[in-house]
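In: Predicted model, plus sequence, below.
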Number of protein chains: 2
Amino acid sequence: MTSGPRLFSILRQGAYLIASIHTALDDSQLLRFQQDLVERIGRDRARGVVIDVAALDVLDSFASRTLRDMGEMARLRGAVTVIVGIQPDVAFAMVRLGMDTGSVSTALDLEEGLLLLDRATSTARRP
Amino acid sequence: MTSGPRLFSILRQGAYLIASIHTALDDSQLLRFQQDLVERIGRDRARGVVIDVAALDVLDSFASRTLRDMGEMARLRGAVTVIVGIQPDVAFAMVRLGMDTGSVSTALDLEEGLLLLDRATSTARRP
């Protein structure tokens, strides 16, 4: 189930983790991504996570629920999550099918996502 | 379906897009408006969108659902949406028919809409 090459990468940048999905993941790979990310948050003491889905041209209901769950798990581990790179067609389909990202923030791309994390974590740091 | 003259305009003002509907749009034109706007958010890296419906004296259920969907799509692409210029008669009809704008904010006119966007995006920027 969780063997084979990794189709995602999780890189550390300062206090943030940048998780990129390189290609459409099947359900077991998505769960592996979820596990790896939640574990890395602890190991790298991450304050924020950017999940980049720009490579995806489809985001089904399982994937969007998994992303939402990841945001919630990250929050429980003390990190803020932002999803970036949702393509226009994907946004269109998500709204049409009544899927959303719940309480997880979204931003246009990696740059905007990192800005959003800066704002979110500095609020938390010095209120 | 999506040919013919444009009955709406999408102008950029700083980090915002100002989308005006000039006349009543039929369903295919509304979908074209939706697609154009979602695409422009990415191209212009917009943080906020004002949708001006002051020229409309009717807003049917399809149109109001499309506007609501646009707000949600814009959010997935990292932009805040505000609908402005809902006429008294239109507001009356919308409430009577049980239609609403969902989670999309509304403001009286363009000026108030831009103020609302300033607040929404600056809260996020410097809390």
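Out: Nice, I can see it. Numbers count the residues shown, from 1 in each chain, chains lettered A, B, ... in the order given.

In: how about the residues of chain A that lie near chain B?
Out: A:84, A:86, A:88, A:90-92, A:94-96, A:100-101, A:106-109, A:112, A:116, A:119, A:122-123 (C-beta under 8 Å from any C-beta of the partner chain). Where you see a C-beta, it was placed from the backbone N, CA and C, and this is true even at glycine.

In: Burial check on residue A:108, number of neighbours?
Out: Neighbourhood size, residue A:108 [other C-beta atoms under 10 Å in any protein chain shown]: 21.

In: swap in residue A:117?
Out: Residue crowding around residue A:117 was assessed by other C-beta under 10 Å; the count is 24.

In: Now it: closest residue in space that isn't a chain neighbour?
Out: With sequence-adjacent residues excluded and distances taken as C-beta to C-beta, 6 or more residues apart in numbering or on different chains, residue A:117 is closest to residue A:48, at 3.7 Å.

In: same check, this time on residue A:64
Out: Residue A:64 sits nearest to residue A:99 (C-beta to C-beta, 6+ apart), 4.5 Å away.

In: My guess is the one you found contacts residue A:66. True?
Out: No - if you go by C-beta atoms under 8 Å, residue A:99 and residue A:66 don't touch, sitting 11.4 Å apart.

In: now the helices for chain A?
Out: A:27-43, A:61-76, A:88-96, A:110-125 (DSSP state H).

In: The longest one to helix A:61-76, inter-axis angle?
Out: Compare the direction of helix A:27-43 with that of helix A:61-76 by axes from the mean of the first three to the mean of the last three C-alpha atoms, to 10 degrees and you get 10 degrees.

In: what number of residues lie near the closest residue in space to residue A:97 that isn't next to it in sequence?
Out: Spatial nearest neighbour of residue A:97, excluding adjacent residues (C-beta to C-beta, 6+ apart): residue A:61 at 6.9 Å. Look at residue A:61: counted by other C-beta under 10 Å, it has 11 neighbours.

In: Perfect, I'm done here.
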